[in-house]
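Novice: Quick check, what structure comes out for this input:
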Amino acid sequence: MQNSSTLSSISANAAHSASGLPPSFARNLSNWYHSHHRSLPWRREPSLYKTVLSEFMLQQTQVTTVLPYFARWLQKFPTFEALAAAPEAAVLKQWEGLGYYSRARNLHKLAQAYTQADPKPQTAAAWRCFPGIGPYTSAAIASIAHGESVAVVDGNVIRILTRLTANDTAFKNSTTALKSLTPLATQIIATAADPGIHNQAMMELGATVCTKHKPLCLLCPVRPYCAAQRAGTVEAYPNLQRSKTVRRQVDRIFALRDGHVLLHRMPANAKRLANMCELPDANLLGICLDGAEYVGKKKRGISNEQITENIYAYQPDQSVLQQIEHRDDFIWADITIVDTYTLSGPHRKWLNELLASVG
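Specialist: Below you'll find the predicted structure:
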């Protein structure tokens, strides 16, 4: 229990410094983590490779979604060397359904670079030279795998720090908040006995206790230090401006011909889904869908985009067939082996549903 002078010091320095936090803050957090953390596969028998893999998979993806992918990935690519030697197509196939496929490509490139590196990276600064590695991921890897005292700052940590200090700054976005709060996170981790455990504890606290909605303040191991909790305003933080939602609509075709389904393969230089397949956008072939059978409406979100995709059963006429024949970005995929093609997660699900509906 902290005395009143300690709590007053914390409140007075709230938005500017961690100097009011005694070493017991980090100690309480660490003790709580040792007793209450979730048993996750990258925490059991940890290794550098597992740490790197988990950090890539967990970017913008929930733990429950990642778990089966993580297990299957380790079976297919158990080491940096195995991953480095794999063709990109096999890597993307293994990632299918996780989304944000640039992560898989960067992880593949990282494995290739890491196996060739001499000396191997040990610090956050060294890890930032590798593909797909930014400040957060480099800090996580360097602290957890190498014990470097460098703080991670992600959405969970931003939420904890702004609540801890009752920082009501109107941040333009998460990047702005990260830059502003990193000095505070750095001051706090300096008091931790084990930087890797401290960073994991901060992330675990944000994921399981100091949640965005309905935080479990009564269970929080650092509740006495929290200015927002004392003021009863916990859910007001952080004050982040939301990105404007962009809505768009796409008309897709479901075309079957002699046991084959028509797929469109994205170009290698595409911003999203490079070299991956989806049901074709009707506009790409200049198709008029008047009279085509409407199959249904599907929705998905990518970043700040909300996309409505209308799907039509379509039989290409001779002019469209000729057009397809002269384009290498369209594929007539044999439906008996369509699972061997790499599709985006939503389109894999929708295609399976469509094929099942026609027997």
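
Novice: pretty sure Ala185 belongs to a strand, no?
Specialist: No: assignment of Ala185 by DSSP: H, G, I helix; E, B strand; the rest coil gives helix, placing it outside any strand.

Novice: How about it: what's its closest non-neighbour residue?
Specialist: Nearest non-adjacent residue to Ala185, counting by CB to CB, 6 or more residues apart in numbering: Ala151, 3.7 Å away. Glycine gets a C-beta too; all of them are placed from N, C-alpha and C.

Novice: where's that neighbour relative to Cys277, distance?
Specialist: 41 Å (CB to CB, to the nearest Å).

Novice: Then Ile311?
Specialist: Distance from Ile311 to Cys277, by CB to CB: 15 Å.

Novice: So Asp329 is in contact with His264, correct?
Specialist: Yes: if you go by CB atoms under 8 Å, Asp329 and His264 touch, sitting 6.2 Å apart.

Novice: And the two? Which one has more around it.
Specialist: His264 (20 against 13; other CB atoms under 10 Å).

Novice: Show me the contact partners of the helix or strand where the more buried one lies.
Specialist: Assigned by DSSP states H and E, His264 falls within strand 260-265. Here strand 260-265 makes contact (CB atoms under 8 Å, 6 or more residues apart in numbering) with 253-256, 275-281, 284, 316, 324, 329-335, 338, 341, 343, 351, 355.

Novice: Could you give me the ChimeraX syntax to select whichever of the residues you listed are buried?
Specialist: In ChimeraX syntax, the buried subset of the contacts of strand 260-265 is picked out as below (16 or more other CB atoms under 10 Å):
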select :253,254,255,256,275,276,277,278,279,280,316,324,330,331,332,333,338,341,343,351
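
Novice: out of the contacts of strand 260-265, which are inside helices?
Specialist: Cross-referencing the contacts of strand 260-265 against helices under DSSP state H gives Ile324, Leu351, Leu355.

Novice: could I get the residues you listed as CSV with distance to Gly155 and pLDDT?
Specialist: Conversion of those to CSV gives the following (distance: CB to CB, whole Å; pLDDT from 0 to 100):
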residue, distance to Gly155, pLDDT
Ile324, 44, 93
Leu351, 33, 95
Leu355, 38, 93
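
Novice: For the chain, list the residue farthest from the centre, please.
Specialist: Most distant residue from the mean C-alpha position of the chain: Gln318, 43.4 Å away (CA atoms, centre = their mean).

Novice: List the contacts of it.
Specialist: With CB under 8 Å, 6+ apart, Gln318 has no contacts at all.

Novice: quick one: it from Arg223, how far?
Specialist: 72 Å.

Novice: just to revisit the earlier point, sort out which one of the ones in helices among the contacts of strand 260-265 lies nearest Gln116 for me.
Specialist: Leu351 (38.1 Å; CB to CB).

Novice: Going along the chain, name the helices of the stretch 151-300 of the chain.
Specialist: In the stretch 151-300 of the chain, the helices defined using DSSP state H, counting those that start in this stretch lie at 155-165, 174-189, 195-208, 227-231.

Novice: Pick the most deeply packed of those helices.
Specialist: Compared across the helices of the stretch 151-300 of the chain, helix 155-165 shows the largest average neighbour count, a mean of 24 (mean count of other CB atoms under 10 Å).

Novice: Contacts made by that one with the rest, please.
Specialist: 13-15, 151, 153, 167-169, 174, 177-178, 181, 184-185, 202-203, 205-207, 210, 212, 215, 222, 225-229, 234, 237-240.
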